[in-house]
Every structure is written in structure tokens, then in C-alpha cells.
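S.K.: Fold the following and give me the result.
(chains A and B)
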Amino acid sequence: MKKSVYKSAMSHLKTSEDFQEATYRKLMNHKERMRMELAKKRKVRGWTAGIAACAVLGVGILMLNDNSPEAKLKPEPTVTATAKPPIMGKAAVNIDGVISEVSADGKSFKVGDLWVTVTPETKMGIDGPTAAAPSEELLQKEFKVGNIVSGFTTDDVGTGKVNATNIYNNIAPQQ
Amino acid sequence: MYNSFELNESVRRALGLYSQSLIKIAFAYLKNTADAEEVAQDVFLAYLQKRPAFENDEHEKAWLIRTAINKSKNMLKAGWFRSRNPVPEDLSYLPKEESDVLQAVLALDKKYRIPIHLHYYEGYSIQEIATILEANPATVGTWLARGRALLKEKIGGMEDEEVCL
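M.R.: As a prediction, this is how the structure comes out:
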């Protein structure tokens, strides 16, 4: 036997005619599948990271709110607090309008049909925790025709002449 | 490392150059063409996935043959492969002399069969076979000598052929 006989026998061994093409197609399909799986994995990873980041952010915000001193001081919000406040102003404000006439001594003025007199007992300005800081702009010293005034009196406004208990605002009209 | 285009071209080139070598070495192991082709496909799949860098063509061929041998061994060990009773490969289409020689080589133990295949089909030297099989060159020389002696008993010849170290 010669060497060449074995080599020749092996060379004549029948194999699939389209082995190369079939293998190449299979490899390219596999490669495409791998590429798609990789893209899918990246997408899932991106979503996971995004959701995790959102969760961390959410927890962080919640913790920050829980720890803030303001949050602890503030009373729990109630349904009534978030709802439209009741119209308490009608009871507290019964002098409201534009001054149409001022008395000679400057202590009385007319709003609508009501003459209002400012006495030494009249409280000027607004107090309370949410009141705006007192200012000349909101509460002028002199009552002048055209000023917008609001206040409160315990007297009967039906009489047409009252003493002011409170004068909250006395605002000059805008120029 | 390859880019995608280079890899595709590299695989196509390797397929053209080494398909037959891989099928034949796997056939020498598994004695079945269909299984040998499956192993060869797996080798090219590994090539695509691992993207090995080679120093030259010989290095590339040796890597592919080594991988084919490993995959053939794995297939031989697989339960499904051992449990089946395959129909022997029909070699009747070969000329009688070739068929006899091939049957005789396939009947050898694989430790003699594979070095004989690598030497007589691929033309590798003992040193190169030793590198591919990760074995001692002297051991490879012994395997080749014993393999030839066994073949001589069966079919005669080969007695005056030398294997150069």
C-alpha cells in the first residue's frame, strides 16, 4: 500500500455538495440571531436601568420630603384644606369698595351708600400668620377719593353710617 | 479582532480552504460522514463566536483541526451517540483498493488512526502532529509505527515508508 491510496480514498469520500454554502448560511443566520439577541438584551438592560433610576429617584424624593422640617411642622393636609376655602370674608369684610367722598377732617369716607368713620379704636392693617407685611402701598395713611378700601364694622351697615372696627386696606388707584 | 465584514470574509475563506480537512479528520474519528459534517459546522460556529487571531494560515488550520478533534471527542462521549447503532458508512462506491485501505485505517484504535490520518492525509510531520494532539513527539512516532505495523498485518505494504521527525 502506498501513502497515496489512503489520501486518495479520503479525497473520494462523498460529502454534501452544498456543505460550504449551507454552513455559511447557517453561520450567518446564527450571527444575525446573536445580533438580535444582543440588541434585545441591551434594550432590556436599558429599561431596567431606567426603571431602577426612576425608583431610586422616587424613593429619594419621598425620603427627602419625610425628613424636611417643614413637612414635620406642617399639619397633615385634610380634605377641607385642599378644597376651596369657605367664604368667611363676607362676615369679616363688610366695608369694601372705592371711596367716592371724604369728609373735611379726613376721618370719614363714603363707600357706596355707606359713610365710614375711622376712630382711634379702629384697628389698621391685617394681622395673623398669613398676613402680608404692612406697607404704605397697601394701607395709606390718608383716605382719598378713588382709593380702594376694605374693612369691617360691628355696627349695623343698614343705618348708612358706621364706625370702622378694622381697616384692612387703603390702596391708591394705579396711576 | 475582525470587524463584521472581515469576519464574514474570513469565515467564507476558511470554509473554502479547510472544510474538507475538517470533515475528513472528524470522519476519521466518528466513521460517519453526516456526523463529521455536523462537527465541521460546529467548528466553524466556534470560529465565528470566538474570533481567534491567527499568526498565519498554518496556525489557523491547526486551530481548526484541533477544535474538530475536540468536538469529535465530545460527540463520541455523548450519551445519544454511544447509545445508537449507526449503519456503517457505505464505501462501496470507492475503488476496492481505496475502500480496503480506508476500512483498515478506520478499524484501528483512534490513538493510531488519528496520527495516521494527520500524517498520510494532511501531510503533517511527527512534530506538527505532536503539537496538534498536544502529545510528546516520541509518543506520536510510536503511535504511527504501531499503526503502520497493524495495517501491514491487515493489508500489507507501508513497511518501507519512513516517517520523518
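
S.K.: Centre of the chain to the longest helix anywhere in chain B, how far?
M.R.: Identified as the longest helix of chain B according to DSSP state H is helix B:4-30. How far helix B:4-30 lies from its chain's middle: 12 Å, per Cα atoms, centre = their mean, to the nearest Å.

S.K.: can you pull the buried residues of it?
M.R.: Across helix B:4-30, burial judged by 16 or more other Cβ atoms under 10 Å in any protein chain shown covers B:7-8, B:10-12, B:14-15, B:18-30. (Glycine included, C-beta is placed from N, CA and C.)

S.K.: got it, and stretch A:128-145?
M.R.: A:139, A:143.

S.K.: and what of stretch B:119-128?
M.R.: Across stretch B:119-128, burial judged by 16+ other Cβ under 10 Å covers B:119, B:120, B:121, B:122, B:124, B:126, B:128.

S.K.: and which of the residues you listed is nearest to residue B:37?
M.R.: The nearest member of the buried residues of stretch B:119-128 to residue B:37, counting by Cβ to Cβ, is residue B:121 at 16.8 Å.

S.K.: Residue B:82 versus that closest one, what's the distance?
M.R.: 26 Å (Cβ to Cβ, to the nearest Å).

S.K.: Over to residue A:23?
M.R.: Residue A:23 is 26 Å from residue B:82, where distance means Cβ to Cβ.

S.K.: Mind picking out the helix or strand in chain B with the poorest mean pLDDT?
M.R.: Least confident helix or strand of chain B, by mean pLDDT, DSSP states H and E, is helix B:79-83 with a mean of 80.

S.K.: restrict the buried residues of helix B:4-30 to contacts with chain A.
M.R.: Under the cut-off given by Cβ under 8 Å from any Cβ of the partner chain, chain A has B:8, B:11, B:12, B:15, B:19, B:20, B:23, B:24, B:27, B:28 from the buried residues of helix B:4-30 close to it.

S.K.: Check the residues you listed and tell me the two furthest apart.
M.R.: Spatial extent of those (Cβ to Cβ) is set by the pair B:8 and B:28 at 29.5 Å.

S.K.: Now do the longest helix seen in chain A: which elements does it pack against?
M.R.: Longest helix in chain A, counting residues (DSSP H): helix A:19-67. In terms of contacts (3 or more Cβ pairs under 8 Å, 6 or more residues apart in numbering or on different chains; DSSP states H and E), helix A:19-67 is packed against helix B:4-30, helix B:33-50.

S.K.: In a markdown table, list those along with distance to residue B:93 and mean pLDDT.
M.R.: Putting the helices and strands packed on helix A:19-67 into a markdown table (distance: least, Cβ to Cβ, whole Å; pLDDT from 0 to 100) gives the following:
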| stretch | distance to residue B:93 | mean pLDDT |
| --- | --- | --- |
| helix B:4-30 | 15 | 89 |
| helix B:33-50 | 12 | 92 |
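
S.K.: Columns distance to residue B:143 on top of those, output as CSV?
M.R.: Compiled in CSV, those are given as follows (distance: least, Cβ to Cβ, whole Å):
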stretch, distance to residue B:143
helix B:4-30, 13
helix B:33-50, 21
